[in-house]
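1. sequence and predicted structure, then a few things I'm wondering about:
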Protein chains: 2
Amino acid sequence: MQRIFNFAAGPAIMPEQALRRAAEEMLNYRGSGMSVMEMSHRSAGYQEIFDHTVSLLRSLMDIPDTYEVLLLQGGATGQFAAAALNLLQHSADYVDSGHFAHGAMTEAAKYGRVRCAASTRETGYSRVPAPGEIDADPNADYLYITTNNTIYGTSLYYVPRVSVPIVADMSSNILSAPCDVRDYGVIFAGAQKNIGPAGLTVVIVRRDLLGRAQEITPNVLNWTVMAEKGSMLNTPPTYAIYMAGLCLEWLRDQGGVAGIYERNRRKAAMLYDYLDGSRLFRGKAEKQSRSLMNVTFSTGDADTDAVFAREAAQAGLVSLKGHRIAGGMRASIYNAMPEEGVCRLVEFMADFEKKHR
Amino acid sequence: MQRIFNFAAGPAIMPEQALRRAAEEMLNYRGSGMSVMEMSHRSAGYQEIFDHTVSLLRSLMDIPDTYEVLLLQGGATGQFAAAALNLLQHSADYVDSGHFAHGAMTEAAKYGRVRCAASTRETGYSRVPAPGEIDADPNADYLYITTNNTIYGTSLYYVPRVSVPIVADMSSNILSAPCDVRDYGVIFAGAQKNIGPAGLTVVIVRRDLLGRAQEITPNVLNWTVMAEKGSMLNTPPTYAIYMAGLCLEWLRDQGGVAGIYERNRRKAAMLYDYLDGSRLFRGKAEKQSRSLMNVTFSTGDADTDAVFAREAAQAGLVSLKGHRIAGGMRASIYNAMPEEGVCRLVEFMADFEKKHR
């Protein structure tokens, strides 16, 4: 059996080039006589792999030297706590644009005062708040945003104009489109969508924001401690970091973020154009908020949705079922999803539409 | 070049059988058309992999149903905080038997009152405290021990007789020798020595100890929340869990813990017997505390030690340099180190001794 097209929301499809390389090097990494998994994180050989991954990330995102790049564990969910533990002193503002944004706000409330600066919760998160809807406190320690809402298929296409540092959860759209790191105080992302395998969390933090952690911050979530230790206070997720390097090499070979952005726009346009003309399927997110990474849609009938997801899977287009709290379908078309996969999906949808209208 | 013998303290040598299988399945896991790295953690296919790993661990360690098995992120260092956050209400007792035990105590002090119930810090941790040296508080929330001290090459060969729950960091000797889980309230271990790759942390917790977490516990470190969510509050380190399953299958094939224990005793005896007869090398740990997993030794001269580690590496016996805070040499001979590796090391030491006496 061949490899199929995997539309999962994360862990998700990865570049075949990276997987092939990993398979080849599994038992003997470039003449070292061992697998990367077996290498001491304190060895010179492993440090090279670690530095290579960081260096690719710095180059692909044009991260200034005034920012630390940390490679940690615990996922974005760990960073929901870490954001507050590392920065919250008086009060923090949150933009509640989806399930995970809301979860981040709830988690932060364990560690101090949080304010909801804007929310689209009442409209079922079918869009993100508009710039004018954000009621930001100029004295907040930070403003927290989620740049892409994986479950609802919405994206924040602007940087809020505020004077306080912006903390951005970019888990599901990091490296998918141009982004000026200088607009943010902190960017973090779970790796399992556009970076590499699950179990690695990237944190990009402006150095002047270090040194503010609450005393109760667990060391593994303390950005200041981790920055001092080069992310190696303890053993990092060594193999996931190596895999991220292989995936980022692939991204570099695709023309970097600018190159992949063009392809991502074509992929999303193909799907949204089809949805806009369909008489069976409807896109779920409001147009101005539509995500390039997660395309949510439905036939409006749960049974038909279920038949669609099942038949699509039989045709080699898998994991199209939407998140349980949103229902319907979701096609996650991260960087590694080839245009061919989206073409095949649109063809399949058109065929399905002919049969089910 | 062939695979070499890797004596690193963790990440460490892994069973070749597991690595081979991982390489074969990298692009297409058992006909699924995708890599395990690409599988949604919410898919039925991945849940099977997850359950298989937990089930192997339960069977190999004979874990009673009254215990939860959690597969988390953040390493043992994350659990230093988690132990206190999940259990510390009034006061906790710590046995300070090494660098990491001491670190666990320091981390726990962020969250409440900790008492040192015994310490061998003043003797440079060359042995662990004897049973009679443990001054345990019968009202403590728990007694914390480290069953193997990776840096110093010492091991605790008894279970302290106390009435309070014992929390044990077994990172460097889990699954290496018989152990009755019922003697402990909580057992945790970073995977990167005897379980699988770095980035996975196993926590085995008696169910009646759940429900006590402090309100400030980050969700990713909250055993109760993670137990309720089957370790999937957020995306777990999916590939590391799969690799752990492959490694545990190998351990099962070796006759399980009882089988590997016999081999581990032979391996350690070979090295310690040589050390006891050597006129150049000396074992560093006191005899009654000697670890089966980490054998520390030295020539007593830092320059000669450095020459030894360098020449051994050239001969395919790598990562023998001791931890920077202990100096000398350390041969970590975890489950996956074959007897042949230890034979080769002893032969190399004997040759080296002839040249350098």
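-> Yes, it's here.
2. off-centre distance for stretch A:272-285?
-> Counting by Cα atoms, centre = their mean, to the nearest Å, stretch A:272-285 is centred 24 Å from the centre of its parent chain.
3. name the residues of the stretch 51-200 of chain A found near chain B, please.
-> A:73-78, A:80-82, A:85, A:107, A:110-111, A:190, A:192, A:197-200 (Cβ under 8 Å from any Cβ of the partner chain). Quick note: C-beta positions are derived from backbone N, CA and C, even for glycine.
4. list the buried residues in the longest helix seen in chain A.
-> In chain A, taking DSSP state H as the definition, the longest helix is helix A:256-277. By neighbour count, with 16 or more other Cβ atoms under 10 Å in any protein chain shown as the criterion, the buried positions of helix A:256-277 are A:256-257, A:260-261, A:263-264, A:267-268, A:270-272, A:274-275.
5. list the contacts of it.
-> Residues outside helix A:256-277 that contact it (Cβ atoms under 8 Å, 6 or more residues apart in numbering or on different chains) are A:60-61, A:175-179, A:251, A:254-255, A:281-283, A:290-293, A:295, A:297, A:331, A:333, A:335, A:337, A:339, A:342-343, A:345-346, A:349-350.
6. can you tell me which of those residues end up in strands?
-> With strands identified by DSSP state E, the entries of the contacts of helix A:256-277 that belong to them are A:282-283, A:295, A:297, A:331.
7. buried subset of the residues you listed?
-> When neighbours are counted using 16+ other Cβ under 10 Å, the ones in strands among the contacts of helix A:256-277 contain these buried positions: A:283, A:295, A:297, A:331.
8. doesn't residue A:344 make contact with the last one?
-> Looking back up the chat, that one is residue A:331. No: applying Cβ atoms under 8 Å, one finds residue A:331 not in contact with residue A:344, separated by 11.0 Å.
9. for residue A:94, give me phi and psi.
-> Reported as degrees, to the nearest 10, the phi and psi values for residue A:94 are phi -130, psi 140.
10. which ones are touching it?
-> Residue A:94 is in contact with A:101, A:104-105, A:108, A:114-117, A:143-144, counting by Cβ under 8 Å, 6+ apart.
11. where does pLDDT dip in chain A?
-> Applying pLDDT under 70 to the predicted model, the residue ranges of chain A that meet it are A:1.
12. all strands for it, in order.
-> Taking DSSP E as the criterion, chain A contains strands spanning A:5-6, A:67-72, A:91-96, A:113-119, A:143-146, A:148-149, A:154-155, A:166-169, A:186-190, A:201-206, A:282-283, A:294-298, A:317-318, A:329-332.
13. list the residues that contact the residue in the stretch 201-350 of chain A that chain B sits nearest to.
-> When distances are taken as Cβ to the nearest Cβ, the stretch 201-350 of chain A approaches chain B most closely through residue A:237, which lies 3.1 Å from it. If a contact means Cβ under 8 Å, 6+ apart, then residue A:237 has A:71, A:73, A:199-200, B:73, B:197-199, B:237, B:240 as its contacts.
14. among these, who's most crowded?
-> Of the contacts of residue A:237, residue B:237 is surrounded by the most neighbours, 33 neighbours in total, counting by other Cβ atoms under 10 Å in any protein chain shown.
15. now the buried members of the contacts of residue A:94.
-> In the contacts of residue A:94, burial by neighbour count holds for A:101, A:104-105, A:108, A:114, A:117, A:143-144, counting by 16+ other Cβ under 10 Å.
16. per-domain residue ranges of chain A.
-> Per the record's domain assignment (automatic domain parsing), chain A is made up of the domains A:5-15+A:255-356, A:16-253.
17. for those domains, which one sits closest to residue B:134?
-> Minimum separation from residue B:134 across the domains of chain A (Cβ to Cβ) falls at domain A:16-253, 26.3 Å.
18. give me the distance from the closest one to the chain's centre.
-> With Cα atoms, centre = their mean as the basis, domain A:16-253 stands 9 Å off its chain's centre.
19. ok, now stretch A:273-289?
-> Stretch A:273-289 has its average C-alpha position 23 Å from the chain's average C-alpha position, going by Cα atoms, centre = their mean.
20. tell me how far the ends of that stretch are from each other?
-> The separation between the terminal residues of stretch A:273-289, taken as Cα to Cα, to the nearest Å, is 15 Å.
21. likewise for stretch A:234-241?
-> With Cα to Cα as the measure, the first residue of stretch A:234-241 is 14 Å from its last.
22. need the contact list for the spatially closest residue to the residue of the stretch 201-350 of chain A closest to chain B that is not a sequence neighbour.
-> Leaving out its chain neighbours, the residue that sits closest to residue A:237 by Cβ to Cβ, 6 or more residues apart in numbering or on different chains is residue B:199, at 3.1 Å. Under the criterion of Cβ under 8 Å, 6+ apart, the contact partners of residue B:199 comprise A:73, A:199-200, A:236-240, B:73, B:191-192, B:237, B:240.
23. mind putting these in TSV, distance to residue A:30 included?
-> Conversion of the contacts of residue B:199 to TSV gives the following (distance: Cβ to Cβ, whole Å):
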residue	distance to residue A:30
A:73	25
A:199	23
A:200	21
A:236	20
A:237	20
A:238	15
A:239	15
A:240	18
B:73	28
B:191	24
B:192	21
B:237	24
B:240	22
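24. so of these, which ones are in helices?
-> When the contacts of residue B:199 are checked against helices using DSSP H, the ones located there are A:238-240, B:240.
25. nearest to residue A:183 among these?
-> residue A:240 (27.3 Å).
26. show me what contacts the closest residue to the closest one other than its chain neighbours?
-> If you skip the residues right next to it in sequence, residue A:240 has residue A:200 as its closest partner in space, 3.9 Å away by Cβ to Cβ, 6+ apart. If you count contacts by Cβ under 8 Å, 6+ apart, residue A:200 has them with A:71-73, A:190-192, A:237, A:240-241, A:244, B:199.
27. check residue A:224 too.
-> Residues near residue A:224 by Cβ under 8 Å, 6+ apart: A:86, A:210-213.
28. can you check residue A:82 too?
-> A:74, A:188, A:203, A:217, A:221-223, B:218.
29. what's the answer for residue A:133, then?
-> Contacts of residue A:133 were listed using Cβ under 8 Å, 6+ apart, and they are residue A:118.
30. isn't residue A:54 right next to residue A:67, touching?
-> No: checked against Cβ under 8 Å, the pair residue A:54 and residue A:67 is beyond contact range at 11.2 Å.
31. how much space between the nearest residue to residue A:146 once chain neighbours are set aside and residue A:156?
-> Counting by Cβ to Cβ, 6+ apart, residue A:146 lies nearest to residue A:101, which is 4.1 Å off, once chain neighbours are set aside. In this view, residue A:101 and residue A:156 are 10 Å apart by Cβ to Cβ, to the nearest Å.
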